[in-house]
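Peer 1: just to be clear, the model below is a prediction. Sequence and coordinates:
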Amino acid sequence: MTAAGDSFDRCLANFLDGFYAAPTADALMAEPPFLAPQNQETGRLMDAYLAATAEELAQQYQFPRPSWTAGDARVLHQPCFAVSLASVRTTLLLESPPSFRARNIFVSSNALSRV
């Protein structure tokens, strides 16, 4: 669990692996704790990323949108790009799934893919 100090990337990957193995709406409904208080700006990004992930998965699997994903608490005020190279930003602007764009996060279209 990231709130307990584990890597955000590892926790997210583990969640995605479990979700893809057995997708259920219940897996998306529980609101994760806010990470911003412990991690400031990085935590705000993680909070927004979690909401975007839950909303995107709900949309893909035609599950109800988790209520905790609504509101401004999990939206970034400044854009955040997954890659800092200016030449890639246009691609990320175009490819980023709607739930990520709505939170000012710009990632590739396969950001939630697992191999």
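Peer 2: Received it, and whenever you're ready, just let me know what you need.
Peer 1: what's the single longest helix in the protein?
Peer 2: helix 36-60 (DSSP state H).
Peer 1: contacts for that helix, please.
Peer 2: Here helix 36-60 makes contact (CB atoms under 8 Å, 6 or more residues apart in numbering) with 2-3, 8, 12, 16, 19, 23, 25, 28, 32, 34-35, 63-66, 68-69, 73-76, 80, 97-100, 102-105, 112. Where you see a C-beta, it was placed from the backbone N, CA and C, and this is true even at glycine.
Peer 1: just the buried residues of the residues you listed.
Peer 2: 2-3, 8, 12, 19, 28, 32, 34-35, 63, 66, 68-69, 74-76, 80, 97, 99-100, 103-105, 112 (16 or more other CB atoms under 10 Å).
Peer 1: so which of those sit within helices?
Peer 2: Counting by DSSP H, those contribute 8, 12, 19, 28, 99-100 to helices.
Peer 1: can you put the residues you listed in a markdown table and add distance to residue 43 and pLDDT?
Peer 2: Below are those laid out as a markdown table (distance: CB to CB, whole Å; pLDDT from 0 to 100):
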| residue | distance to residue 43 | pLDDT |
| --- | --- | --- |
| 8 | 9 | 92 |
| 12 | 14 | 95 |
| 19 | 22 | 97 |
| 28 | 20 | 98 |
| 99 | 19 | 97 |
| 100 | 17 | 97 |
